[in-house]
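Visitor: requesting a structural model of the entry that follows:
(one chain, ligands or ions: 1)
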Amino acid sequence: MSGSAITPWVVGNWKMNPMQSDSQQLIQSLKQYLQAAPISAQQCRIAVAPTAIALLPVQQQLKDAAVDVLTVAQDLSRVAGTGAYTGEVSAELLKDSGIEHVLIGHSERRELFGDNVQIITEKVKNALKADLSIIYCVGESLEQRESGQAEQVVLQQICDLANVVSNAQWTKVIVAYEPIWAIGTGKTASPADAQAMHANIRSGLKQLTPHGETMAILYGGSVKAENAEALAACPDINGALVGGAALNAESFYQIAQAFAQVKK
Ligand code: PGA
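Guide: Model (predicted):
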């Protein structure tokens, strides 16, 4: 199967934004765009990842959207189940609330909140054990790219993942490549550089699982309505993880539309 036969995913990572009233407006506006010109789940899977406190209101508000928009958690606890773990939200609690997808290993978690390989792999194990689907983020720093280590760093992150994913669980995994130097900086990897890394990731995944052939590999890092089409045109870029531009319904919708149209 060629990369373009994979259904693209466009996922809005809202990070620690916005206030509840703005969140309601953002969803309302996104629903209006989708009502006026629907993008079917076959054309492009659309998802939003609000803050933990907004997950359930957003999910509720999306129930009557013209197309199915998924609600994704931005993180989960390294601890499974329930218990005396103040401040934590486990995979089981997410599942119990009807949340089926979770981001894991975002570079902001790795860099700012101490999510090291051990913690990230515990989170992966917990999520998959609770039957959640994961969007596993990988990416190199500017220093690593400039010293020629980008590919090695990213493939190591894929190996870290492979160490804890069983054969049957790979269908619940999506990978997002987000070069750290491109996140929130306005600097996007060129489509050629992004495609080259995505092709490396795909060939690494194919060695680990037959599902590597059809797995969606998303690009993230300053994706905007203006650059979405060029990124979507790359065969191994099967969608986007969008930060800043996801806080504007029009640009987020346009990014989803670009992927839906180019990949058709
Ligand atoms: P950005 O963030 O689109 O604002 O660069 C992407 C991300 O961190 O997921």
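Visitor: report the buried residues of stretch 136-145.
Guide: 136, 137, 138, 139, 140, 141, 144, 145 (16 or more other CB atoms under 10 Å). All C-beta spots, glycine's among them, are computed from the backbone N, C-alpha and C.
Visitor: for stretch 145-162, same thing?
Guide: 145, 150, 151, 153, 154, 155, 157, 158, 160, 161.
Visitor: out of the buried residues of stretch 136-145, who's nearest residue 226?
Guide: Closest approach to residue 226 among the buried residues of stretch 136-145 (CB to CB): residue 139, at 21.4 Å.
Visitor: hmm, back to that, which one of the buried residues of stretch 136-145 is nearest the ligand?
Guide: The ligand lies nearest to residue 137 out of those, by CB to the nearest ligand atom, at 7.4 Å.
Visitor: ok, back up a step: now, the buried residues of stretch 145-162 that are in helices?
Guide: Among the buried residues of stretch 145-162, the ones falling in helices (DSSP state H) are 145, 150, 151, 153, 154, 155, 157, 158, 160, 161.
Visitor: list the residues that contact residue 56.
Guide: residue 97 (CB atoms under 8 Å, 6 or more residues apart in numbering).
Visitor: just the C-alphas of the helix or strand where it lies, formatted as CSV.
Guide: According to DSSP states H and E, residue 56 maps onto helix 55-61. C-alpha atoms of helix 55-61 as CSV (Å, rounded to 0.1, in the frame of the first residue of the first chain):
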residue,chain,number,x,y,z
LEU,A,55,-11.8,16.7,27.8
LEU,A,56,-15.3,15.9,28.9
PRO,A,57,-17.0,19.2,28.0
VAL,A,58,-15.3,19.1,24.6
GLN,A,59,-16.4,15.5,24.0
GLN,A,60,-19.9,16.4,25.0
GLN,A,61,-20.0,19.4,22.7
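Visitor: average pLDDT for the next helix or strand after that helix?
Guide: Using DSSP H and E, the helix or strand that follows helix 55-61 in sequence is strand 69-73. When pLDDT is averaged over strand 69-73, the result is 98.
Visitor: so which elements touch strand 69-73?
Guide: strand 45-49, helix 55-61, strand 101-104 (3 or more CB pairs under 8 Å, 6 or more residues apart in numbering; DSSP states H and E).
Visitor: and whichever helix or strand comes after that strand, what does it pack onto?
Guide: Downstream of strand 69-73, the next assigned helix or strand under DSSP H and E is helix 91-96. If contacts are counted by 3+ CB pairs under 8 Å, 6+ apart, helix 91-96 sits against helix 117-129.
Visitor: got the angle for the helix it packs on vs helix 150-162?
Guide: 50 degrees (axes from the mean of the first three to the mean of the last three CA atoms, to 10 degrees).
Visitor: still on that earlier bit, nearest to residue 215, out of the helices and strands packed on strand 69-73?
Guide: strand 45-49 (13.1 Å).
Visitor: is the ligand contacted by that closest one?
Guide: No. Taking CB under 6 Å from any ligand atom as the criterion, strand 45-49 and the ligand are apart, separated by no less than 8.7 Å.
Visitor: wait, what's in contact with residue 116?
Guide: Per CB under 8 Å, 6+ apart, neighbours of residue 116: residue 110.
Visitor: that one and the ligand, how far apart?
Guide: Going from residue 116 to the ligand by CB to the nearest ligand atom, to the nearest Å gives 19 Å.
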